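Sharing a sequence plus its predicted fold:
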Amino acid sequence: MPRVKLTVAYDGTDFHGWQRQEPPDAEPLRTVQGVLQSVVETFVRERVIVTGASRTDAGVHALGQVAAFTAESFRVPVEKIPIALNARLPRDVQVRSAEFVAKDFDPIGGAKSKCYRYVIEHCGPPHNPAPLFDRNFVFTTPHALSLSKMSLAASQLVGTHDFEAFAQISHGRETTVRTIFSCNVRMIGERRIAIEVSGSGFLYNMVRIIAGTLLDAGRGRIDPSSVGAIIASKDRRQAGNTLPPQGLCLRWIHYGVGVNVEGVEP
C-alpha cells in the first residue's frame, strides 16, 4: 500500500495541540491530528492513522510539521493531494506538500533534526503597545532585553548535554540527554527577537524553558555565563520559567538527503 508524507502548517491558537485527544466521557478535543486524519479518511475513503513527527502543545504553531499515512489507493496524482485536502481542511491548517515515501518511513523515529523558533517582543513603556494583529504568534515582555547577553547564554546550550534542568518535571522520557546543534538569537524587528534552536530532539516544554532562561539572561535576572552551570545542576528550579505557547513555532524537520522538510514563511 502506498505511504504518503505530508508537510503541514497550522495556526495552533484554536487547537488542543497536535495529538488526538478523545476523553472517555466527553466530546473529542479539537486537535490538528484529529482534524487532519478526519479529512484524509474522507479523501481516501478508508480508515487511516495519520502520524505526526512532533506532538506540539496547545497554542503552538507549525510551518514544517511532518505527517505520514498509508492507504490502499488514491484518486488523484500525489502532487494534487495538497489541493484536495486543503479544499476540505479548515483555514487554520494547510497541507503544503505531499510525496510518496518508503513503506517503512517513520516521521518520528526517522527525524534527524528539528528546528523551533520562539519570538519575543519588548513592549515596555511609555509608548510601546503590545502587538495586536499577530498577538497569537509572539510573547510580549515589558522588560528591555540585551541581545548580546541572550546570545552568550544561548551559545552555552550547544552540544550534547543532560537537559533535565530544561524539561518539565513530568517529562516521561527515559533519558534527558539531547544534542543541540545551534541556538541563535537575532533581531527580526525594531522590538522583536527570535530565538531559533535546532537539535536532535527536544524534551517536553524544553524550547519554552530555554526561551524563558534566555529571557532572564536578556533582562539581567541571571548571569548569561551561568547557563552551563544550570545545565550541570540538572535542577529545573535553576532554569527560567516556561514561556507561553503562542511564541513557539515548529520551523522544519530534517530526515537526511532527499527527505528534508523545511517550513516556508507564509
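Structure's in. What do you need?

What residues does residue 197 make contact with?
115-118, 157, 180, 182-183, 207, 210 (C-beta atoms under 8 Å, 6 or more residues apart in numbering). C-beta here means a position set from N, CA and C on the backbone, and glycine is covered the same way.

Of these, which is the nearest to residue 247?
Residue 247 lies nearest to residue 118 out of the contacts of residue 197, by C-beta to C-beta, at 4.9 Å.

which one is the closest one nearest to, not counting chain neighbours?
Leaving aside its sequence neighbours, residue 118 sits nearest to residue 211 (C-beta to C-beta, 6 or more residues apart in numbering; 4.1 Å).

Verify the contact between that neighbour and residue 243 for me.
Yes: applying C-beta atoms under 8 Å, one finds residue 211 in contact with residue 243, separated by 4.8 Å.

Of the two, which one has the most company?
Remark: of residue 211 and residue 243, residue 211 carries more neighbours, 29 against 23, as counted by other C-beta atoms under 10 Å.

Got phi/psi on that one?
Main-chain dihedrals, residue 211, degrees, to the nearest 10: phi -60, psi -40.

Likewise for residue 230?
The phi/psi pair for residue 230 (degrees, to the nearest 10) is phi -60, psi -40.

Please report the distance of it from residue 165.
5 Å (C-beta to C-beta, to the nearest Å).

Now do the shared contacts for those two.
238-239.

Leaving aside the residues adjacent along the chain, what's closest to residue 189?
Nearest non-adjacent residue to residue 189 (C-beta to C-beta, 6+ apart): residue 121, at 7.4 Å.

Quick one: list the elements packing against the helix or strand containing the one you found.
Per DSSP states H and E, residue 121 falls inside strand 113-122. Identification of packing neighbours for strand 113-122 by 3 or more C-beta pairs under 8 Å, 6 or more residues apart in numbering; DSSP states H and E yields strand 139-141, strand 192-199, helix 206-218, strand 248-254.

can you put the ones you listed in a markdown table and add distance to residue 50?
Converted to a markdown table, the helices and strands packed on strand 113-122 look like this (distance: least, C-beta to C-beta, whole Å):
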| stretch | distance to residue 50 |
| --- | --- |
| strand 139-141 | 30 |
| strand 192-199 | 25 |
| helix 206-218 | 24 |
| strand 248-254 | 15 |
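
Can you tell me which of the ones you listed is most buried?
helix 206-218 (a mean of 26; mean count of other C-beta atoms under 10 Å).

tilt between that one and strand 248-254?
Interaxial angle, helix 206-218 versus strand 248-254 (axes from the mean of the first three to the mean of the last three C-alpha atoms, to 10 degrees): 120 degrees.

how about the helices in the chain?
32-44, 81-86, 147-155, 206-218, 227-233 (DSSP state H).
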